[in-house]
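Here is the input, now give the coordinates:
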Amino acid sequence: MAPDLNKASGSGSASKNEAPVKAPPSKKKEDKKDEDLSEEDLALKQQLELYVERVQDPEPGIQKLALESLRQEIRSSTSSMTSVPKPLKFLRAHYGALKEHYEKMAESDLKKYLADILSVLALTMSAEGERESLKYRLLGSEGDIGSWGHEYVRNLAGEIAQEYMKRQVYTLKHYYAFWRIALKKPDVSLYYSDYANILVFVRLALSFPLPPLWLFYRLTEEAPTHDLIELVQQIVAFHMKHNAEPEAVDLLMEVEDLDILSKHVDKTNFKRTCLYLTSAAKYLPGPDDLVVLKIAYEIYLKFGEYASALQIALFLDNSQNIKQVYISCDDPHQKKQFSYILARHGSAFVLDDDISADDVDREVLEEIINNTKLSEGYLTLARDIEVMEPKSPEDIYKAHLLDGRASAGASVDSARQNLAATFVNAFVNAGFGQDKLMTPPTDSSSGGSGNWLFKNKEHGKTSAAASLGMILMWDVDSGLAQLDKYFHSNDNHVIAGALLGVGIVNCGIRNECDPALALLDDFVDKEDPSVRIGAIMGLGIAYAGTQNEQICSKLSGILNDAKAPLDVIAFSAISLGLVCVSSCNEEVAQAIIFALMDRSESELQEPLIRFLPLGLGLLYLGKQERVDATAEVSKTFNEKIRKYCDMTLLSCAYAGTGNVLKVQNLLGHCAEHLEKSETHQGPAVLGIAMIAMAEELGLEMAIRSLEHLLQYGEQNIRRAVPLALGLLCISNPKVNVMDTLSRLSHDTDSEVAMAAVISLGLIGAGTNNARIAGMLRNLSSYYYKDAPLLFCVRIAQGLVHLGKGLLTLNPYHSDRFLLSPTALAGLITMLHACLDMKNIASGKYHYVLYFLVLAMQPRMLLTVDENLKPLSVPVRVGQAVDVVGQAGRPKTITGFQTHSTPVLLAAGDRAELATEKYIPLSPILEGFVILKENPDYREDL
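Modelled structure (predicted):
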């Protein structure tokens, strides 16, 4: 095209001769720069200058030719943009001249062509904040924006986001000004520029029953965004075609129009898109996070990825969405997999005829949801790994590895050490159905479990009898049969333990016959407080998350009983919180509130009073702003319990949300230096961990904040920090946290040391971590004369070897996406009890440790065939890799090893099938996974 332009340059010769006369000073500088250019670059520069000159020619034909040539040069250079392209570099000096010429041009297609070129030039030449690239794009032709290159499209998306935000603020300010005029307020100019009053204005506007419609009309006139949305549609289409789904989603979030996304996703990119949406939701404020997740849910449903849609429905805690997933799917095997996911989450979802019309199929699905096969699968794993042999507490203590003084500890407080051995034995042999203390063989010389039971004193017998329930956990038939003999005991403590044991056996298992309710119901109204507490705790553990109305009314009646002792009322409140966890049940909340208001001054000083606010908080676990009304009521409580209640409600309501503002709020409360009698800072510290545990980044930041609290906080804060660290890294022994807790376990304050020791057990729970086991052995030698601390060391040793290394306490599952509310509720209850270690956890209410059973789950992958029979297949197990936002099919695990199922999964591990013979029906290989044969698979010959 250059030769044509030179031929047609007669009319422009005068201006060509005038150019040196106009700017003689710059001639020398240009000559100097030109000397540094290669011949090829110099020729390109001169050619571009000629094009610029011709663009300003009065002849339209020459203008058009020059513009086409410029377009071609720029497009060919911006297609792969690793540095500033040469045409853009050489045209920098002419950008101002081209802009001036554009303003003088009459409206025509040529003016639009020039606007397109100016839009691209503005990519590198526009002043910051001017958004000239977008300005000229909107004025230009409606051609394909992708032809100008990725960098141009990316820059345009950024400017659209800024422009949209500016228009929104502009709209809001004008709406505010108009509203003031409508209310006949003269000081419009004052409020017009006052951003701080926007919220006041919104509240004011909403308070009027009928806003003038002309305001809304004027609002749309003032700052329309339809021109931006049209451009957004083009950009999103371009990004989705070129594997840039995250950028498309980010732009749509900025312009608050994610609904557009579903038109542009297809089978090739919907998984990457939804993965980005679900990951981004963790960092978005409400209600934007829910909007994003609902879009992902709809996309998954649209493309038949039902298991992933179900996980989002569980995250949203929406039973209608869960039902919709079941109804949308026609595959009966896929529905069985859904039921396994619901069972792992602890959901009390009820199947109806719409989901499965066939009674037999529905019965199979209900059996899976009711977790009746959990014990069988767990024992299959144990047999495969060959750990069925029962272990005694001595096998865990390994006292022979220590020096002589440790053995002397046994004589310090034999009853307390026997109690510790009871817990260790229960934790280590949990769910195995056999041990060496409570279920020895009948031909044993020890004479059965009775001997060990009566080596414990008073309330120690309660924990000893209940430990049998943990050993037989999830095996309802065998568990109830073996616990039956204790119901005929003359000792109320033994009966109380048996009642608690019934609850533990039934934990997480649903049954149409409701054996736990039938057995425990009569004992709730007995006179003896210990028996009542055993029955109440048993009901709370067995029916956690079920919202059983019969139990709610029964326990609510106890709260209203003026004659009931405080400990019975406290455990009733906790059990109500567990049964109705995350339900926002107003009747139960009211019962707990009245019980709190009725407490006398002396009762409010008791250690167990903390369970009433906690029971109230569990009702709103993870429900965020739905707690606001109850939080307002709590401000009327007695000042001794008011702040404790506020902190507990706040921390429970925002647990697992990662809400940064609430973490800052709690940190503010922890920064206050208060009197020693104040106890509300303990739950505030735990609240930081409960909220921040939602995602890895917040978790790491919370650990650092807790380190600062250790240095500068008061004593009651320092006592709670180890427990918060234990919750943040539960069943996930991070080295830095392990070192901090090891240091604190030697603290001069015994309460801090006890909390640190228990937390060492929590972070190593079910991992068999050798380093923690070694630390605890050394601590048992160090504290051999300190009975309470030695008790805590023993408990921690039992936790580290929980289920012989087959169990986890982590409430998160499905690749850390879903949080089980019942599991978290059990952990929180136990940690709140540990805030007053001497009076509750290591005092006479040590059986609160059994609340941990709510969080116990096998950390396994067990593959089954379509008939639900175990099927051994090769799988790769390795460290999970974050592949969010990566194009193509990147590797999701690293450093993997290949095993045959069933296999154990540690914290941060991920599994994938190592064979193409089978197709998993769940996108995440955890727990029970159904495999179906791949019809396209061919054996290699």
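
make it CA atoms for all contacts and neighbour counts henceforth
Will do.

Give me the buried stretch members for stretch 872-879, please.
Val873, Val875, Arg876, Val877, Gly878, Gln879 (16 or more other C-alpha atoms under 10 Å).

likewise stretch 91-110?
Result for stretch 91-110 [16+ other C-alpha under 10 Å]: buried residues Leu91, Tyr95, Leu98, Tyr102, Leu110.

and if you look at stretch 704-715?
Those buried within stretch 704-715 under the rule 16+ other C-alpha under 10 Å are Leu706, Glu707, Leu709, Leu710, Gly713, Glu714.

ok, residues contacting it?
Cys670, Ala671, His673, Leu674, Ile717, Arg718, Val721, Leu725 (C-alpha atoms under 8 Å, 6 or more residues apart in numbering).

sorry, back to before: narrow the buried residues of stretch 91-110 to those in helices?
With helices taken from DSSP state H, the overlap with the buried residues of stretch 91-110 comprises Tyr95, Leu98, Tyr102, Leu110.

before we move on, the earlier item: need the buried residues of stretch 872-879 in JSON lines with distance to Ala573, can you?
Shown next, in JSON lines, are the buried residues of stretch 872-879 (distance: C-alpha to C-alpha, whole Å):
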{"residue": "Val873", "distance to Ala573": "47"}
{"residue": "Val875", "distance to Ala573": "45"}
{"residue": "Arg876", "distance to Ala573": "45"}
{"residue": "Val877", "distance to Ala573": "42"}
{"residue": "Gly878", "distance to Ala573": "43"}
{"residue": "Gln879", "distance to Ala573": "41"}
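
now, which of those residues lie within strands?
Residues of those located in strands (DSSP state E): Val875, Arg876, Val877, Gly878, Gln879.

tell me which of these is nearest to Leu809?
Of all those, Gln879 has the smallest distance to Leu809: 19.4 Å, by C-alpha to C-alpha.

Please name the nearest non-neighbouring residue to that closest one.
Asp909 (4.6 Å; C-alpha to C-alpha, 6 or more residues apart in numbering).

Just the closest of the ones in helices among the buried residues of stretch 91-110 to Thr124, please.
Closest approach between these and Thr124, by C-alpha to C-alpha: Tyr95, at 10.2 Å.

Show me the shaky parts of this structure.
Within the chain, the ranges that satisfy pLDDT under 70 run 1-35, 75, 77-84, 169-224, 403-413, 441-450, 675-677, 940-941.

Pop the domain breakdown of it in here.
40-141, 243-374, 375-404+413-440+448-543, 686-858, 860-933 (the TED database).

Let's have those domains in a markdown table, adding distance to Glu587.
Listed next are these as a markdown table, based on distance: least, C-alpha to C-alpha, whole Å:
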| stretch | distance to Glu587 |
| --- | --- |
| domain 40-141 | 55 |
| domain 243-374 | 20 |
| domain 375-404+413-440+448-543 | 17 |
| domain 686-858 | 20 |
| domain 860-933 | 36 |
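
before we move on, the earlier item: could you find which two of the ones in helices among the buried residues of stretch 91-110 are furthest from each other?
Tyr95 and Leu110 (16.9 Å).

Farthest pair within the buried residues of stretch 872-879?
Val873 and Gln879 (19.5 Å).

which helices and strands does the host helix or strand of Ile327 pack with?
Element membership of Ile327 [criterion: DSSP states H and E] is helix 319-328. Applying 3 or more C-alpha pairs under 8 Å, 6 or more residues apart in numbering; DSSP states H and E, one finds that helix 319-328 contacts helix 306-316.

so how far is the helix it packs on off the chain centroid?
Distance, stretch centre to chain centre, for helix 306-316: 14 Å (C-alpha atoms, centre = their mean, to the nearest Å).

Buried by neighbour count: which residues of that helix qualify?
Tyr306, Ala307, Ser308, Ala309, Leu310, Gln311, Ile312, Ala313, Leu314, Phe315, Leu316.

For it, output the C-alpha coordinates as PDB.
In PDB, the C-alpha atoms belonging to helix 306-316 read as follows (Å, rounded to 0.1, in the frame of the first residue of the first chain):
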ATOM      1  CA  TYR A 306     -24.300 -33.400  39.300                       C
ATOM      2  CA  ALA A 307     -21.900 -34.400  42.100                       C
ATOM      3  CA  SER A 308     -20.100 -31.000  41.900                       C
ATOM      4  CA  ALA A 309     -23.500 -29.200  41.900                       C
ATOM      5  CA  LEU A 310     -24.500 -31.200  45.000                       C
ATOM      6  CA  GLN A 311     -21.400 -30.000  46.900                       C
ATOM      7  CA  ILE A 312     -22.300 -26.400  46.100                       C
ATOM      8  CA  ALA A 313     -25.800 -27.100  47.300                       C
ATOM      9  CA  LEU A 314     -24.500 -28.400  50.600                       C
ATOM     10  CA  PHE A 315     -22.200 -25.400  50.900                       C
ATOM     11  CA  LEU A 316     -25.200 -23.200  50.400                       C
END
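
Contacts for that helix, please.
For helix 306-316, using C-alpha under 8 Å, 6+ apart, the contacting residues are 290, 293-294, 296-298, 300-301, 319, 321-322, 325, 329, 334, 337-338, 341, 817-819, 921-923.

let's see 6 Å
The contact list for helix 306-316 (C-alpha atoms under 6 Å, 6 or more residues apart in numbering) reads Tyr297, Tyr300, Asn321, Ile322, Ser922.

Quick one: work out the angle between that helix and helix 319-328.
Per axes from the mean of the first three to the mean of the last three C-alpha atoms, to 10 degrees, the angle that helix 306-316 makes with helix 319-328 is 170 degrees.

Now do the contacts for the residue lying closest to Leu381 once chain neighbours are set aside.
Nearest non-adjacent residue to Leu381, counting by C-alpha to C-alpha, 6+ apart: Pro902, 5.8 Å away. Applying C-alpha under 6 Å, 6+ apart, we find Pro902 in contact with Leu381, Leu861, Leu862.

Phi first, then psi, for Pro902.
phi -70, psi 150 (degrees, to the nearest 10).

on that earlier part again, if we compare the domains of the chain, which one ends up closest to His680?
Smallest distance to His680 across the domains of the chain (C-alpha to C-alpha): 9.0 Å, for domain 686-858.

next one: the closest one to chain centre, how far?
How far domain 686-858 lies from its chain's middle: 20 Å, per C-alpha atoms, centre = their mean.

Please apply the same query to stretch 270-285.
Offset of stretch 270-285 from its chain centre (C-alpha atoms, centre = their mean): 12 Å.

now swap in stretch 294-313 and tell me
Distance, stretch centre to chain centre, for stretch 294-313: 18 Å (C-alpha atoms, centre = their mean).

now stretch 419-439
Remark: stretch 419-439 is offset 33 Å from the chain centroid, using C-alpha atoms, centre = their mean.

for stretch 454-470, same thing?
In terms of C-alpha atoms, centre = their mean, the centre of stretch 454-470 is set 37 Å apart from its chain centre.

quick one: buried residues of that stretch?
By 16+ other C-alpha under 10 Å, the buried positions in stretch 454-470 come out as 455-457, 459-470.

Relative to Val735, which of those is nearest.
Nearest to Val735 among the buried residues of stretch 454-470 is Met470, at 30.1 Å by C-alpha to C-alpha.
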